[in-house]
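Asker: how does the following fold in three dimensions:
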Amino acid sequence: MLPRLTLPPSPAARALSARAFALPGLAGHDLWKTHDAIGLGIVHDMNVGGTPLVPRIAGQPWLFDPPLYHWLALGFGLVLQYVMEFHAGARLASGALVLGAFFLIYLAARDWAKRDDDPRVHGAAAMLLLLGSLGLIVHAHEALPELAGLAALCGALATLPHATRKPLPAGALLGAAVGLAALSVMWIAPASLLVAVIAAHLACPEWRTRHAWVFIGTSLVVALLIAASWPLALYWREPAAFALWKIVAWEPLGNPLANLRYFLATGGWFAWPAWPLALWAAWALRRRWSDPRVFVPGLASLLGLLGIAWWGPQQDVSLIPLLAPLVMLAYLGALGLRRGAAGALDWFGVLGFGFFGLLLWFCWFSMLTGLPPRFANNFYKNAPGFTPEVKILAVAFALLLAAAWVYLIFRTTRSPMRSLLRWAAGIVLLWGTGAMLFMPWADYQKSYRSVALQLRSKIPVGSGCIAYKALGVSQAAALDYYGGIRALPFDIVKPNACPLLLVQGSPQHEFDGPGAGWVKLADVGRAGDRHERYRLYRLSK
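Answerer: Sure thing, here's the model as predicted:
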């Protein structure tokens, strides 16, 4: 009989589970809209001649995201381009950052455990809770700058346990982590954590020491120097881009109340199960709010939520950096759950992931065999022309994940953190099985490679510039990456400035067509896509 798995899991078990989640799905597929194509489009532009200082997509400035993630992804892509496609190598930066976030959140919780607590339990609980966040199940495998922000903020939290013992080095490391986070994502999440740390030195007696000013002062100076480095370089070398960045970074988008409703509704599933556990921790530990272990993550999470609600925009990836402080509060609630609540979370995860895991295998079998016909027809309608194949290694890995999950369910010892382990294992099972069995089918219908190549083949040699109408940002990035198609915005004042016009429209109508005087050269779309069509026109001579 197989031995029982004792908790907390060993370092080898933690590393294996982290890799089993972070690595599948990074390679083996093309650019997908929206965020993945945007991130890789910027990296591609930097690689083919654009300046690393100004993020651009198909030659057009894109200053919604600072460039640190793209620099890292560019390095990965250049180093690995000899063994895999450039975009796949670049996307591996996301895997490295996610693994780094898991390790750093483990250190943060382990080192901040109280003297009477088992530090390994605290560290493992925080790591498993971050891994088990539903919002990361797909986004952790995309080319997202927010993943760099998440890793940096986890690193910032890992410095806080050493604030009183080693104020100078801990302050320098905190400032560096916050500064790097500000070079990765919008400034709200890094600033929220830094403000919470400063406030904790006023509200928490444990941190009111004579060396507190050393820690705070060092962290502020280092954070400001690093965070300001890119904007200052932008101001010096690219004044026009700097002016655009000021508008993008500091102008609120949308109605704050509408944004707040969006983030609360989205966070309900995105940050599950961290947010209910964080609320429970806030209530159960209400007498410990003067403890920086509770005060800092709690205030940072609240300030971050209010900040993204005020500035917007409404996109779920803005919640990714906020997972770091939220998890640092939530794991305390998870370890203090009452037995009934822990059991409910445990079996909710077991039954839910077990059902969806079996459903994935049933769907794969149906797609492969065509049985039952009515069910299998759903796959054929969404990807007409796709021929499923059995890939032995992928199927073997999916079976291995299923066997490991069953082992965890039946051979794990009772522990307050068993529910977290089983939930995280369910996330690994769900993502790994889906990535192994359905990646070719999903890539067939989501890739823009064939669209770009078809349009490229219809562009006359030496035809000059191309204008575009209604072309999405991620679509522009994919067309540039696969077809080298770089279009300019359509100028309504000079409609004939470019002899070619690319229009993204609906398959049902051609209302956006240029009208008389233009000849259609191509009308293409992705397989099974009922929403997008790409039409290329040439101006008649």
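Asker: quick one: low-confidence parts of this structure?
Answerer: 1, 541 (pLDDT under 70).
Asker: quick one: the strands in it?
Answerer: 56-57, 60-61, 466-469, 488-489, 500-505, 518-524, 533-539 (DSSP state E).
Asker: now the angle from the fifth one to strand 533-539?
Answerer: Same thing as strand 500-505. Angle between the axes of strand 500-505 and strand 533-539 is 150 degrees (criterion: axes from the mean of the first three to the mean of the last three CA atoms, to 10 degrees).
Asker: which helices and strands does strand 500-505 pack with?
Answerer: Here strand 500-505 touches strand 466-469, strand 533-539, going by 3 or more CB pairs under 8 Å, 6 or more residues apart in numbering; DSSP states H and E. The way it works is simple: take the backbone N, C-alpha and C, and place the C-beta from them, glycine included.
Asker: nearest to residue 403, of those strands?
Answerer: strand 533-539 (44.4 Å; CB to CB).
Asker: what does that closest one contact?
Answerer: Residues outside strand 533-539 that contact it (CB atoms under 8 Å, 6 or more residues apart in numbering): 451, 455, 458-460, 463, 475, 496, 498-507, 510, 513-514, 517-525.
Asker: in TSV, list the strands of the chain along with mean neighbour count and distance to residue 9.
Answerer: Shown next, in TSV, are those (neighbours: other CB atoms under 10 Å; distance: least, CB to CB, whole Å):
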stretch	mean neighbour count	distance to residue 9
strand 56-57	22	42
strand 60-61	16	46
strand 466-469	22	51
strand 488-489	12	53
strand 500-505	22	48
strand 518-524	16	50
strand 533-539	21	49
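Asker: could those strands go into a markdown table alongside distance to residue 86?
Answerer: Formatted as a markdown table, those follow (distance: least, CB to CB, whole Å):
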| stretch | distance to residue 86 |
| --- | --- |
| strand 56-57 | 16 |
| strand 60-61 | 20 |
| strand 466-469 | 23 |
| strand 488-489 | 25 |
| strand 500-505 | 24 |
| strand 518-524 | 24 |
| strand 533-539 | 23 |
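Asker: contacting residues for the residue most central in space within the chain?
Answerer: Compute the mean C-alpha point of the chain, and by CA atoms, centre = their mean the closest residue is residue 139, 3.6 Å away. Counting by CB under 8 Å, 6+ apart, residue 139 touches 35, 146-147, 316-317, 320.
Asker: ok, residue 91 touching residue 147?
Answerer: No. Using CB atoms under 8 Å, residue 91 is not in contact with residue 147, being 10.5 Å away.
Asker: overlap in contacts, these two.
Answerer: Contacts common to residue 91 and residue 147, judged by CB under 8 Å, 6+ apart, are absent.
Asker: circling back to that earlier point, so how far is residue 147 from the residue nearest to the centre of the chain?
Answerer: 8 Å (CB to CB, to the nearest Å).
Asker: neighbours of residue 138, how many?
Answerer: Residues near residue 138, counting by other CB atoms under 10 Å, number 15.
Asker: no no, residue 5
Answerer: 17.
Asker: still on that earlier bit, among the strands of the chain, which is nearest residue 245?
Answerer: Once those are compared by CB to CB, strand 60-61 is nearest, at 8.6 Å.
Asker: so what touches that closest one?
Answerer: By CB under 8 Å, 6+ apart, strand 60-61 touches 54-55, 241, 244, 476.
Asker: filter the residues you listed down to the buried ones, PyMOL style.
Answerer: Buried residues within the contacts of strand 60-61, by 16 or more other CB atoms under 10 Å, are selected in PyMOL with:
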select buried, resi 54+55+241+244+476
